[in-house]
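Engineer: Test case, fold it:
(2 chains)
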Amino acid sequence: MTDLLHDPFFQSSLLPLLLSLLAVGVLHRLWRPLAPATVGVVFLAVFALVVGVPALPPPSSLGKLFWAAAAGLALGAGLDLAGVKGRGGAVPLALWLAASLVWIALPALDGLVAVLTLAVLVVAGVAFVTGGPAGAPSPVPAASLVLALALGVGGTALIGSSASIAQTALALAAAAGGFLLWNWPVARHGWGLAGQAAAGVAVLLAAVLALFTQTQAVGLLLILPALLAGRVRLPPAATPVGRAMSAAAVTVLTLLPAVAAIGAAYALNGGESSPY
Amino acid sequence: MTKTLFAAVLFATAAAGALTPAAAAPVDYKVDPAHTSVAFIINHVGFSNLIGRFNTVAGDLTFDKDAVEKSTLAVTIDTASVDTNHAKRDEHLKSPDFFNTKEFPKLTFKSTRIEKTGATTGKLYGDMTLLGVTKPVVLDVTFNKDGVSPASKLETAGFSARGTLKRSDFGMKYGVPAIGDEVTLLIEAEAVKK
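Structural biologist: Residues are numbered from 1 along each chain as shown, chains lettered A, B, ... in the order given. Okay, here's the model as predicted:
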C-alpha cells in the first residue's frame, strides 16, 4: 500500500479520481452546494502527499502556491455558503487570483519577459475565474474547463521536466474528472465560486511552471479558446442518451485546446519527452 | 681571531634562528575551481546510486597548519551548475522540485569549528544554507598536502572531505523516499595562496 501511495502515476491519476468520486458522493448526501469544492480539496491533499505541506510563511514558489490555493478555495467556499453570486463573488475571486499571482511571481520578476508573462497570467486567469462558462446552467462546461486547464498545464510540465507541477496539475484534472463523472449523464450539482477557484489553482500552477522552470510554457496560450466552453451550443437532445452524448461532446470540445497546448509543448521541446 | 670568532658565533646564531620553527601564521587561500570537485551520491529508486556534481564553486580558506582548529572556510556553490550528465534531468534538478535555482541560486557553507582527530584528519563543522534553510553539517576532512605546485608554481593546499546530509532537512522533499533522502558528499579540493 505504501509503495502504491508513492507511485507517481497512482498519485496523479487514480488516487485523486477515487478521492474526488468519494468526496463528491459524501457531500452529495451531506452538503450538496459544497460538492465542487472537492476538486480543489483533492488537489491540496495530493500536493501534501507529493510535495509535503509547506512551511508558513512559505519559503518558495511551490509553498506559496499551496497556501494561495488553500486561501482561494476557502474564499470560494465561504462565498458559496454565504450565497454570494454574480459580481459580488467574481470580484473577490479575481482579486485573490491577481494578488496570489503577484505574490508567487515576485522573486522571478527579473526582466521584461517575466513581467509580460505575469501580465498575461493575470489577465487570462481573471478571465478564467470570472468569465467563461461559470454562469452556465450545467456545471459540465465549467468543470470541463478546469479539466482542460489542468491537463494542459500537467502535460506541458511533464514534457518540460517539472514533475511535481505535472503530478499535482494532473491530480487536479483527475479531481475535476471525478466531479464530471458525478454529473454525467445528468447534472446533479451547481458549480459555484469554490469550483471557479479550482480554475484559479490551475492558473497558479501555470505561473510556477512559466516563471520558475525551464519549461517552454508559451504553448499554454493555446488553452485560451477553452474559455468558450460555456458557449458551445449543440442541437437540443430529446433522449437521455442524446443528452449524455451532448454533455460528453462539450467536455471533448473543451479539451481540444489543451491537447493542442500539449502538442505545442512537445514540439517546442524538440520532440523529446522527459526521462521520468 | 676575535673577529673570526665573532663572525662564526653570529653565523651560527643566524643559522639556528633559521632552523627553529617560527610560530606559523594563518594563511589565506582561495579555492581553486579548476582542481576542486564537489560531487554527491543519491539513491535512485533502490536501483543504483546516481553521482552528480556542481561545476561552479568558489570559496576562501584561512588555514593554520599548526593550529588547524583556528582555520576557517567559506564556500559558495552555484546551484544552477548542477551536472548529472543528463540535460533533461539537470533541468528537473534546477526546478522547484529540487534546487529551485531561480529562487535559490546559491548554496553556501560556512565553517563554525574544526576538531582535529588525527595527524592529518579532522572534523569540519559548519552551517550549510540550501533553499533558504540553514542547518549544521559535519564533514570528515583529510589534509593531503601543501607546498608549491609543480604545475602552477603557486603555494597550494589540498584536502579531501566526506559527509552526509538529509535533503529533506532543507525542505527538498520531492520524491522521498524513492529518490533517496540521504545524500553523500564527496569533496576534493585544492586552494591556492592569495
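Engineer: just checking, next helix/strand downstream of the helix or strand hosting residue B:136?
Structural biologist: Secondary structure from DSSP states H and E places residue B:136 in strand B:133-148. Per DSSP H and E, the first helix or strand lying C-terminal to strand B:133-148 is strand B:155-166.
Engineer: What mean pLDDT does that next one get?
Structural biologist: The pLDDT scores in strand B:155-166 average 97.
Engineer: Spell out which parts of chain A neighbour chain B.
Structural biologist: Within chain A, the positions near chain B by CB under 8 Å from any CB of the partner chain are A:6, A:50-52, A:55, A:59-62, A:107-108, A:160-165, A:208, A:211-214, A:272, A:274-276. Using the backbone N, CA and C atoms, a C-beta is placed for each residue, glycine as well.
Engineer: List the ones among those residues that fall in strands.
Structural biologist: Counting by DSSP state E, no part of these is found in strands.
Engineer: Tell me the buried residues within these.
Structural biologist: A:6, A:50-52, A:59-62, A:107-108, A:160-165, A:208, A:211-214, A:274 (16 or more other CB atoms under 10 Å in any protein chain shown).
Engineer: Correct me if wrong: residue B:75 contacts residue B:56.
Structural biologist: No: with contact taken as CB atoms under 8 Å, residue B:75 and residue B:56 are classed as non-touching, separated by 11.3 Å.
Engineer: what's near enough to touch the residue of chain A most remote from its centre?
Structural biologist: The outermost residue of chain A relative to its centre, with distances by CA atoms, centre = their mean, is residue A:238 at 31.9 Å. With CB atoms under 8 Å, 6 or more residues apart in numbering or on different chains as the criterion, no residue contacts residue A:238.
Engineer: Write out the residues of chain B neighbouring chain A.
Structural biologist: Residues of chain B lying close to chain A (CB under 8 Å from any CB) are B:86, B:88-89, B:91-92, B:94-97, B:100, B:102-104, B:131-133, B:171, B:173-175, B:177-178.
Engineer: Could you give me the ChimeraX syntax to select whichever of those residues are buried?
Structural biologist: Command for ChimeraX that selects the buried part of the residues of chain B next to chain A, burial taken from 16+ other CB under 10 Å:
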select /B:88,89,91,92,94,95,96,97,100,102,103,104,131,171,173,174,175
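Engineer: quick one: low-confidence parts of the chain?
Structural biologist: By default, I'm working from chain A. Filtered on pLDDT under 70, chain A yields the residue ranges A:1, A:132-136, A:230, A:233-234, A:271-276.
Engineer: nope, chain B
Structural biologist: Residues of chain B that meet the cut-off, pLDDT under 70, sit at B:1-24.
Engineer: What segments of the chain are helices?
Structural biologist: You didn't pick a chain, so chain A it is. Ranges of helices within chain A are A:2-5, A:8-9, A:15-30, A:37-50, A:61-81, A:87-105, A:112-130, A:140-159, A:163-182, A:192-212, A:240-268, based on DSSP state H.
Engineer: not quite, I wanted chain B
Structural biologist: Going by DSSP H, chain B shows helices at B:2-19, B:87-94.
Engineer: Just want the residue of the stretch 101-250 of chain A that's nearest chain B.
Structural biologist: The nearest approach of the stretch 101-250 of chain A to chain B comes at residue A:161, 4.0 Å away (CB to the nearest CB).
Engineer: How about the contacts made by residue A:129?
Structural biologist: The contact partners of residue A:129, by CB under 8 Å, 6+ apart, come to A:90, A:93-94, A:97, A:196-197, A:199-200, A:203.
Engineer: Please indicate which of those has the highest neighbour count?
Structural biologist: When neighbours are taken as other CB atoms under 10 Å in any protein chain shown, the top entry among the contacts of residue A:129 is residue A:199 (34 neighbours).
Engineer: How about it, nearest residue that isn't a chain neighbour?
Structural biologist: residue A:128 (4.6 Å; CB to CB, 6 or more residues apart in numbering or on different chains).
Engineer: can you count the residues close to the one you found?
Structural biologist: Neighbours around residue A:128, by other CB under 10 Å: 26.
Engineer: wait, isn't it in contact with residue A:203?
Structural biologist: Yes: under the criterion of CB under 8 Å, residue A:128 makes contact with residue A:203 at 6.0 Å.
Engineer: hey, what's in contact with both of the two?
Structural biologist: With CB under 8 Å, 6+ apart as the test, residue A:128 and residue A:203 both reach residue A:149.
Engineer: Can you name the residues that contact the closest residue to residue A:51 other than its chain neighbours?
Structural biologist: Among residues not flanking residue A:51 along the chain, residue A:164 sits closest, at 5.2 Å (CB to CB, 6+ apart). Neighbour list for residue A:164: A:50-51, A:62, B:95-97, B:174 [criterion: CB under 8 Å, 6+ apart].
Engineer: mind running it again at 10 Å?
Structural biologist: A:8, A:12, A:47, A:50-52, A:62, A:65, A:157, A:205, A:208, B:92, B:95-98, B:173-175 (CB atoms under 10 Å, 6 or more residues apart in numbering or on different chains).
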